[in-house]
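**Student:** one predicted model, sequence on top.
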Amino acid sequence: MTELFAFEGDFVDNLRCIPMQVPYKLDTCGIKLRLSDWNRIYQNVLI
């Protein structure tokens with residue numbers, strides 16, 4: 001499952017929003033990810 005939804009094309013290049021597959025897969029494991037957490041992770045990856 002590596003496909004993106006068409007509406008995600010606007011933000012997937014810079015990952016300012018969480019791609020739908022990420023919370024879906026994490027939800028199946030019982031993990032909740034907020035946008036603020038996602039942004040913090042993404043900023044740490046950029047450094």
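**Tutor:** Yep, that arrived.

**Student:** alpha carbons only for contacts and neighbour counts from here, please
**Tutor:** Will do.

**Student:** any idea how far residue 24 is from the most centrally placed residue in the chain?
**Tutor:** Nearest residue to the geometric centre of the chain (C-alpha atoms, centre = their mean): residue 18, 2.5 Å. Using C-alpha to C-alpha, to the nearest Å, residue 18 is found at 10 Å from residue 24.

**Student:** now swap in residue 33 and tell me
**Tutor:** Distance, residue 33 to residue 24, by C-alpha to C-alpha: 10 Å.

**Student:** residue 16 now?
**Tutor:** Distance from residue 16 to residue 24, by C-alpha to C-alpha: 17 Å.

**Student:** got the phi and psi for residue 11?
**Tutor:** phi -130, psi 0 (degrees, to the nearest 10).

**Student:** where's the longest helix seen in the chain relative to the chain centroid, distance-wise?
**Tutor:** Counting residues, the longest helix found in the chain (DSSP state H) is helix 35-46. Helix 35-46 has its C-alpha centroid displaced from the chain centroid by 10 Å (C-alpha atoms, centre = their mean, to the nearest Å).

**Student:** now stretch 23-42
**Tutor:** Stretch 23-42 sits 7 Å away from the centroid of its parent chain (C-alpha atoms, centre = their mean).

**Student:** and it, what's its mean pLDDT?
**Tutor:** The pLDDT scores in stretch 23-42 average 89.

**Student:** quick check: end-to-end length of it?
**Tutor:** Stretch 23-42 has its terminal residues 15 Å apart, counting by C-alpha to C-alpha.

**Student:** what does that stretch contact?
**Tutor:** 15, 16, 17, 18 (C-alpha atoms under 8 Å, 6 or more residues apart in numbering).

**Student:** list the buried ones in it?
**Tutor:** 23, 38 (16 or more other C-alpha atoms under 10 Å).

**Student:** what's the spacing between residue 26 and residue 20?
**Tutor:** Applying C-alpha to C-alpha, the value for residue 26 to residue 20 is 10 Å.

**Student:** number of nearby residues for residue 9?
**Tutor:** Number of residues near residue 9 (other C-alpha atoms under 10 Å) recorded here: 10.

**Student:** next one: it from residue 44, what distance?
**Tutor:** The gap separating residue 9 from residue 44 is 23 Å, by C-alpha to C-alpha.

**Student:** cheers, nothing more for now.
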